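Asker: Make a model of this:
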Amino acid sequence: MGFPGTWMTESESMVYRVVPKCACSTIGQIMYYSDHGEFFEGDIHDAKGGMHKWALDSSQPKITRNVQKHQAYAFTCVRNPYSRILSSFFDKICGIQRNGKRYRGNLVPLLIQKYGIEVGGEDGKQEFDQIQSFRRFLLFARDTIRWRRPMDPDIHWSAMSGHISTFIVNGGRYDNIFFTEQFNDGMQSVLNSIEMAHPVLLEEIPRFNESEGHGPKRAHPIEDYFDDLSMHLVYEIYKRDFQLFKYDFENPGNKLPLGEVDLDEVHAKLGA
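Answerer: Predicted coordinates:
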C-alpha cells in the first residue's frame, strides 16, 4: 500500500501526510517555498515537480526510504469535523471546480435525484435552502462511509483518522499533528524543528485556499446546520476523529479543540 497522500520536500527536510480540507494547499506551498524560495505557480496539487509526492512514481522509493527510517520531520494537520464536512459540501457539492465543471461529473445530479439536494442552480450562485440540502448531503456522506453506496466515500469527507492511519500502519511515525484552527502556531512548531534553504515567515504567507469562491457563501453560523439528527450522523461518521483529535462533539459552534493531540494514543489506536 505504501504511503498514499504523502508529500515530501525535495530536500527531504519534512514529510507531510495530506488530509483533504485541512489547509493542505497552504502547507504544500510552504513546503515548496522552503526549498525554492518561491511559490508554485497555480494549485500545488497540480505540481508534478519541485517536491516529492506519492502519486509520482519516481518519488515513491525516496518517500518510502525516508519515512521508514524516519529521516525527516513528519507531520499532518487536522480540522474540526463539523466545519470540515460543511466545507466539503460547499466546495465539492455546491461549487464549480477549477476545470469549470461540477465535481466528479455525475455526482451532483445523482445527489439531486436520490437525496433531493439543491446546489444553487447551474452556477451555484442562486438562493437555496442551505441547511436542508446540507443535512441531506450528510445522509449521503454517511451512506458512502457506512455502506459504500451509492458510491465509495470521497477523500474530502472520509474520516481524517483513516487518512492519517495509512502512514502509521505502513511504518511511519508522526512528530507533530496540529490544528487548522491554530494554524500559525502549529505550522511554526514544524518550521522550528527543521532546517530550510529559504526561511518562511508565516505572517507573510498568503492562505492558498484553492476552494475559495468555488461555491456559494455559507449563509448561517456553523451550529445552525446541525440539529440533533445531524449531530448523531456526524458522530457516527467521525467518532474516532472527535476522540483522537480532541474536538468538541457537544457544541458544533465551538471549532477549537479541547486539548492537545496525544501522539502516543494516535499511534497506538491507528496503528493497530
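
Asker: What separation do you get for Thr6 and Leu56?
Answerer: 11 Å (Cβ to Cβ, to the nearest Å). For the C-beta atoms, the positions are set from N, CA and C on the backbone; glycine is no exception.

Asker: Thought Ser158 was touching Ile145, still the case?
Answerer: Yes: using Cβ atoms under 8 Å, Ile145 makes contact with Ser158 at a distance of 6.3 Å.

Asker: coming back round to it: with neighbour numbers in mind, choose between Thr6 and Leu56.
Answerer: Thr6 (26 against 15; other Cβ atoms under 10 Å).

Asker: Which strand residues bridge the more buried one?
Answerer: Arg17 (DSSP bridges).

Asker: can you give me the strands in the stretch 1-150 of the chain?
Answerer: 6-9, 14-17, 51-53, 73-78 (DSSP state E, counting those that start in this stretch).

Asker: Dump these into a markdown table; add distance to Arg149 and mean pLDDT as well.
Answerer: Below are these laid out as a markdown table (distance: least, Cβ to Cβ, whole Å; pLDDT from 0 to 100):
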| stretch | distance to Arg149 | mean pLDDT |
| --- | --- | --- |
| strand 6-9 | 29 | 98 |
| strand 14-17 | 28 | 98 |
| strand 51-53 | 30 | 98 |
| strand 73-78 | 27 | 98 |
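
Asker: would CSV of the ones you listed with distance to Gln132 be doable?
Answerer: As requested, those are arranged in CSV below (distance: least, Cβ to Cβ, whole Å):
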stretch, distance to Gln132
strand 6-9, 37
strand 14-17, 35
strand 51-53, 39
strand 73-78, 28
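
Asker: For Phe183, which of the ones you listed is the nearest?
Answerer: strand 73-78 (7.6 Å; Cβ to Cβ).

Asker: Partner strands of the closest one, with direction?
Answerer: Here, using DSSP bridges, strand 73-78 pairs with strand 14-17 (parallel), strand 176-179 (parallel).

Asker: now, of the ones you listed, which is deepest in the fold?
Answerer: strand 14-17 (a mean of 25; mean count of other Cβ atoms under 10 Å).

Asker: Give me the contacts around that strand.
Answerer: By Cβ atoms under 8 Å, 6 or more residues apart in numbering, the residues outside strand 14-17 that reach it are 3, 5-8, 27-28, 31, 34, 63, 66-67, 72-76, 163-164, 166-167, 172, 174, 190, 194.
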